[in-house]
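**Q** Following is a predicted model, sequence given first.
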Amino acid sequence: MSETMALVTPEPKRARLSVESGSRPRPAGSGSRAVGRTVLYVVLIVAAAAMLTPFFWMVMSSLKDANSVFSVPVRWIPEIFVWENYVEIWTRSDILTWIRNTLILSVTVTALQVLTGSFAAYGFSRITFPGRNALFLLYVATIAVPWQSYMIPQFILLSNAGVANTLWSIILLQAFGAFGVFLMKQFYETVPEDLSEAARLDGLTEYGIWWRIMLPLSVPAIASLSLLTFVNTWNDYLGPLIYLRDPSLWTMQLGLKNFVSSLYDTDYGVLFAGLVISVVPIAVIFLLGQRFFVEGIATSGMKG
Amino acid sequence: MKRIITVTAGLTIGALALAGCSGGGSEGDGVAEDGSLTLTLSAWSVATTPEFQLLADAFHEKNPNVTVEVKDYDPAEYNTLLTTDLAAGKGPDIITQKEVKFLTTFQEGGQLLDVSDVELPEGIGGADSYKVDGTAYATPYRQDSWVLFYNKDLFEQAGVEAPDGSWTWEDYDAAAEELTSKLDGAKGTYEHGWQSTLQGFANAQNGADVLAGEYDYMKPFYERVLKLQEDGAQESFNTVTANQLTYQGEFGKQKAAMMPMGTWFVATLISQQASGDADDFEWGIAPAPQLDESTTGTDAVPVTFGDPTGFGINANINDDKVEAAKEFLAFAASEEAATALAEIGITPALLTDPVIDAYFGSEGAPQDELSTFAVQTHETRPENPASNKTAAVQNILNDMHSAILSESASVDDAIAEAEGRVATEVG
Amino acid sequence: MTTTATPQRARRRRSRLRMRNTLLGWSFILPNFLGFATLTLVPVIVLFYMSLTNWNIFGSSQFVGFDNFVRLVNDGSFRTSFVNTLYYSVMHIPLTIVVSLGLALLLNNKLRGVAFFRTAAFFPYITSIVAIALVWNLLFSPDYGPINEMLRFIGISNPPGWLTSANWSMPAVVIISTWRDMGYYMVLFLAALQTVPRELHEAARMDGANVFERFWNVTLPSLRPTMFFVTVMLTINSFKIFDLILVLTNGGPGQSTMVISQFIYRKGFEENNFGYASAASVVLFLLCIIVTIVQFLWNQRKSAR
């Protein structure tokens, strides 16, 4: 155990890799460093503006009335600020139900995807057995098939199993995707074999190695997989559309679309208000959870 | 490896068996012990489309032992969802036909019951759209037609003579140009981006069969519209699509003085004027501009286009419910139902005088004679023929439509390409 | 080769080891595989079977062999969508990799407010696709949109029609798609950059390598597994692209942005030719697989070095 720990315990130096612009003393002096930094910031701010402009338009439009959202010429700031759009969503629609459903789905799917995915990825990357590569290729191959192509046989299957029109259908659909397995496997390949070897010598089972060594080492990968899975499930529209017919099961995207549209008409102001509300939780999660992508090997969670 | 193969094979066979033997029986049974029946009916946007619940409640009043349960579907994906449900054997008892071009999909898939024996009132519009080889597979309850909406206030302001029912397309173009030059900022007319706004008229007024694969007759229509676009008498197609202009907004906010549109807009405009989403102005309805003088004037019958909305019956319905289902279809087409629908602004398939009176009886509806004439008197030719080739052909024509009006291709080239594609791609 | 054990016993030990490994491997894979097999693998196999029939969704289907595939070859629309898909991918893939890797490198930093910039980069991905389509259509509006206004301002008198022009629609789609995807792949690259051992960088710096050389000789090789992953996912996603184009242009104007996935959707759900649509899906699948295998082999060769 001790040897393994010695190998795995993070050394203080093994922190984040940084592109250090100017940590070494440069002959040119600090002047060029400041200029470099300023240029960098300017570039970043312009880029950020480009990223956020559409979102800014969305927020502005959420404060317009239905017939003013689209106009000629394009209006950035609304003439009259229609705050009622937000009030309307909170009071007149079932938004709390939608948020609850979306949350349940996103959290469950993410947890299952990460667990089973990283578990399977360990089998694919660390254990050699006949047929392994072919099976893995099969996994990746199914990613190559567009979903709408096999959506109907899949629906018939789930429908006959009695889970259509329940939250389980979406959970089952999304939790066992090949994407998670693929991502984690690639990540595991960057972890040197010596760690596992040492652990085996110490008497750890393969399961133990996975739990105590691989998982803690792959925090960035787990963080990114969790985030991406969460976002995908949160924003998923077509899947819930087909499987969740009961209004009490609707997710944010579904409920919103239904709330603002009739056959020929869509109240875009209210729609955008809802979409803005829908984006906020994810943005917050991302902002707060970032450090997990860029943290080095986790310093927490090492027992023993 | 062998294990994988055997397991996969077993699962596959199982799944195929499931896939093959599904599709039987509509959801649940709906036949209770005491003889009361429940019929499920597919609908969309139930919260904002009251017609379904209205029919369901009215029918229940007349037949207390039959309850009609309305199932809500997403309007934009209605067909996909319905198809998915039917494929899995979970479809509704009464299948609402949202678009005629999908009728043959259901009919060829054996999903629709023969309803030729359902009695329909005389003069009801749209029944023929649901006939395949002489057998009716659905019955209409609603038929929208395309008419010309116009803003009376703007016409007065510009000093241009309002439509009087005698217009041909030349008169329409001339008015549009004159209005644009005389109005301050508003355009003469607004043509929405759908292919139907142009092709519907071209097909109906030329008596053309859209499946025949020859589209030269559309050329004059496209040339007209391109000229209007060029002269600025209407917003260009590219702006309409890029800026996602809504026809409700363009006409409702008085950005255009005229607009060819379907009669469903009447109810929307009335309610938007009441809620303030649209401006408060005088408006009216005129018959659609005609191809030539032969069908103009209030003594003749103007030619326009439109498709009905109707109900079909699930072929896998429980036998005990068939009669009740057929009665529902007959009821929905009857004058009684039509009057109730007209009161909430729906254009029913049956347009007798009492129905029309109810239609124009709501507050905010135009009261002039021309409007009444436009809504009641027309020869409405189907926009989509009932055939399994319709969807493919319409898709090709839609591509042609966007190519021409976005000025990516010349009219001749685009038409030639469309004709070629129909010949090779549509079997 | 001398062994202390007899050949027979050695063989038994080897096969016992193999058996142990197989069981072990499967025990890891099983939870995920069960779900995957029933919910994805089986429907996909059904799909492949359907491509050989004239299935019209409602149960009945007749075996027609390769008729669907022959028809695909002669179908002008399919050829157009195939070419469009390749055109889109060839532009989208390199652009996205360069931009997202660049962003990751740039933002893998202790700058002040870097968390904000990273979030900004990720925003396009979390925004609803409906909103994206609406906004970008407006921005690219040929007569009234801000982008063309800016182009006219800097002197370009006849700016392109972007999403409304048959020639410029696909480039516009590529721009929007890259804008949307770069945050996604940036996250993956950021996570991967953490695995590059710092000691190697230190060593390289001691040897006098500059930033670019360090990137090329230290960072990039260490990123190989992730680069493989990103490239494969990006390639497959590019070939499969559907929702974004559907809401942006619906394949238009004309057929200039119609891609294979949309062809499949139209034939299957709008024209009820599900067997035919399945055949097109199989072609798309083969395209993805062939390219993936090529990438896989190249990756194997590089890692063996």
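**A** Received it, and whenever you're ready, just let me know what you need.

**Q** Contact partners for residue B:245?
**A** Applying C-beta atoms under 8 Å, 6 or more residues apart in numbering or on different chains, we find residue B:245 in contact with A:70-72, B:190, B:192, B:235, B:239. Yep, even glycine has a C-beta here, placed from its N, CA and C like the rest.

**Q** quick one: it is in a strand?
**A** No - when DSSP: H, G, I helix; E, B strand; the rest coil is applied, residue B:245 is found to be coil, with no strand at that position.

**Q** ok, so what distance separates it from chain C?
**A** 10 Å (C-beta to the nearest C-beta, to the nearest Å).

**Q** Of the contacts of residue B:245, which is the nearest to residue C:166?
**A** When those are ranked by distance to residue C:166 (C-beta to C-beta), residue B:239 comes first, at 16.8 Å.

**Q** Just the pLDDT at that closest one, thanks.
**A** Here, the pLDDT recorded for residue B:239 equals 87.

**Q** Reduced to three states, what does it come out as?
**A** Using three-state DSSP, the secondary structure recorded for residue B:239 is helix.

**Q** which residues of the stretch 301-427 of chain B fall in strands?
**A** When secondary structure is read from DSSP state E, counting those that start in this stretch, the stretch 301-427 of chain B shows strands at B:303-306, B:308-313, B:379-382.

**Q** Of those, which stretch is the most buried?
**A** Mean neighbours per residue, mean count of other C-beta atoms under 10 Å in any protein chain shown, is largest over the strands of the stretch 301-427 of chain B for strand B:308-313, with a mean of 26.

**Q** That one and chain C, are they touching?
**A** No - applying C-beta under 8 Å from any C-beta of the partner chain, one finds strand B:308-313 out of contact with chain C, separated by at least 13.8 Å.

**Q** Can you dump the C-alpha atoms of that strand in PDB for me?
**A** Taking only C-alpha atoms (Å, rounded to 0.1, in the frame of the first residue of the first chain), the coordinates of strand B:308-313 have been written out as PDB:
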ATOM      1  CA  PRO B 308     -59.300  20.600 -44.900                       C
ATOM      2  CA  THR B 309     -58.600  19.300 -41.400                       C
ATOM      3  CA  GLY B 310     -60.500  16.100 -40.600                       C
ATOM      4  CA  PHE B 311     -60.800  13.000 -38.500                       C
ATOM      5  CA  GLY B 312     -60.000   9.400 -39.300                       C
ATOM      6  CA  ILE B 313     -60.600   6.300 -37.300                       C
END
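
**Q** ok, it: who's next to it in the sheet?
**A** Strand partners for strand B:308-313, identified by DSSP bridges, are recorded as strand B:94-97 (antiparallel), strand B:139-143 (antiparallel).

**Q** if we can go back for a sec, looking at the contacts of residue B:245, which are in strands?
**A** In this view, the contacts of residue B:245 have no member that belongs to strands under DSSP state E.

**Q** So of the residues you listed, which two are at opposite extremes in space?
**A** A:71 and B:192 (15.5 Å).

**Q** Show me the domain layout of the chain.
**A** I'll assume chain A. A:2-83, A:93-262 (automatic domain parsing).

**Q** could you do chain B instead?
**A** Annotated domains of chain B cover B:37-143+B:307-350, B:146-304+B:383-425 [automatic domain parsing].

**Q** which ones are touching residue C:61?
**A** When contacts are counted by C-beta under 8 Å, 6+ apart, residue C:61 touches C:50, C:53-55, C:275.

**Q** follow-up on the earlier one: which among the domains of chain B is found nearest to residue A:39?
**A** Closest approach to residue A:39 among those is made by domain B:146-304+B:383-425 (34.9 Å; C-beta to C-beta).

**Q** and the end-to-end length of that closest one?
**A** Length of domain B:146-304+B:383-425, first residue to last, C-alpha to C-alpha, to the nearest Å: 30 Å.

**Q** Which pLDDT value goes with the closest residue to chain B within chain C?
**A** Evaluated by C-beta to the nearest C-beta, chain C has residue C:58 as its residue closest to chain B, separated by 3.1 Å. At residue C:58, the pLDDT value in this model is 75.

**Q** Could you export the strands paired with strand B:308-313 as a markdown table, including mean neighbour count and mean pLDDT?
**A** Shown next, in a markdown table, are the strands paired with strand B:308-313 (neighbours: other C-beta atoms under 10 Å in any protein chain shown; pLDDT from 0 to 100):
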| stretch | mean neighbour count | mean pLDDT |
| --- | --- | --- |
| strand B:94-97 | 26 | 94 |
| strand B:139-143 | 27 | 93 |
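
**Q** got a markdown table for those, with distance to residue B:249 too?
**A** Listed next are the strands paired with strand B:308-313 as a markdown table, based on distance: least, C-beta to C-beta, whole Å:
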| stretch | distance to residue B:249 |
| --- | --- |
| strand B:94-97 | 28 |
| strand B:139-143 | 25 |
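
**Q** can you redo the strands of the stretch 301-427 of chain B as a markdown table with distance to residue C:125 and mean pLDDT?
**A** Converted to a markdown table, the strands of the stretch 301-427 of chain B look like this (distance: least, C-beta to C-beta, whole Å; pLDDT from 0 to 100):
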| stretch | distance to residue C:125 | mean pLDDT |
| --- | --- | --- |
| strand B:303-306 | 43 | 92 |
| strand B:308-313 | 39 | 94 |
| strand B:379-382 | 44 | 90 |
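
**Q** neighbours of residue C:91, just the number please.
**A** For residue C:91, the neighbour count with other C-beta atoms under 10 Å in any protein chain shown is 18.

**Q** got the contact list for the closest residue to it other than its chain neighbours?
**A** What sits nearest to residue C:91 in space, not counting adjacent residues and going by C-beta to C-beta, 6 or more residues apart in numbering or on different chains, is residue C:174, at 4.5 Å. With C-beta under 8 Å, 6+ apart as the criterion, the residues that contact residue C:174 are C:88, C:91-92, C:95.

**Q** Looking at those, which one is closest to residue C:231?
**A** When the contacts of residue C:174 are compared for distance to residue C:231 (C-beta to C-beta), residue C:92 comes out closest, at 12.1 Å.

**Q** How far away from the center of its chain is the strand or helix carrying that closest one?
**A** Following DSSP states H and E, one finds residue C:92 within helix C:76-107. The chain centroid and the centroid of helix C:76-107 are separated by 9 Å under C-alpha atoms, centre = their mean, to the nearest Å.

**Q** Report the inter-axis angle for the helix or strand that that helix is followed by versus helix C:76-107.
**A** Read in the C-terminal direction, the helix or strand following helix C:76-107 is helix C:114-126, with elements assigned using DSSP H and E. For helix C:114-126 against helix C:76-107, the angle between stretch directions is 170 degrees (axes from the mean of the first three to the mean of the last three C-alpha atoms, to 10 degrees).

**Q** buried stuff in helix C:114-126?
**A** Within helix C:114-126, the residues that qualify as buried by neighbour count (16 or more other C-beta atoms under 10 Å in any protein chain shown) are C:114-115, C:117-126.

**Q** Which of these lies at the shortest distance from residue B:186?
**A** Taking C-beta to C-beta as the measure, residue B:186 lies nearest residue C:124 of the buried residues of helix C:114-126, at 36.6 Å.

**Q** Done for today, thanks.
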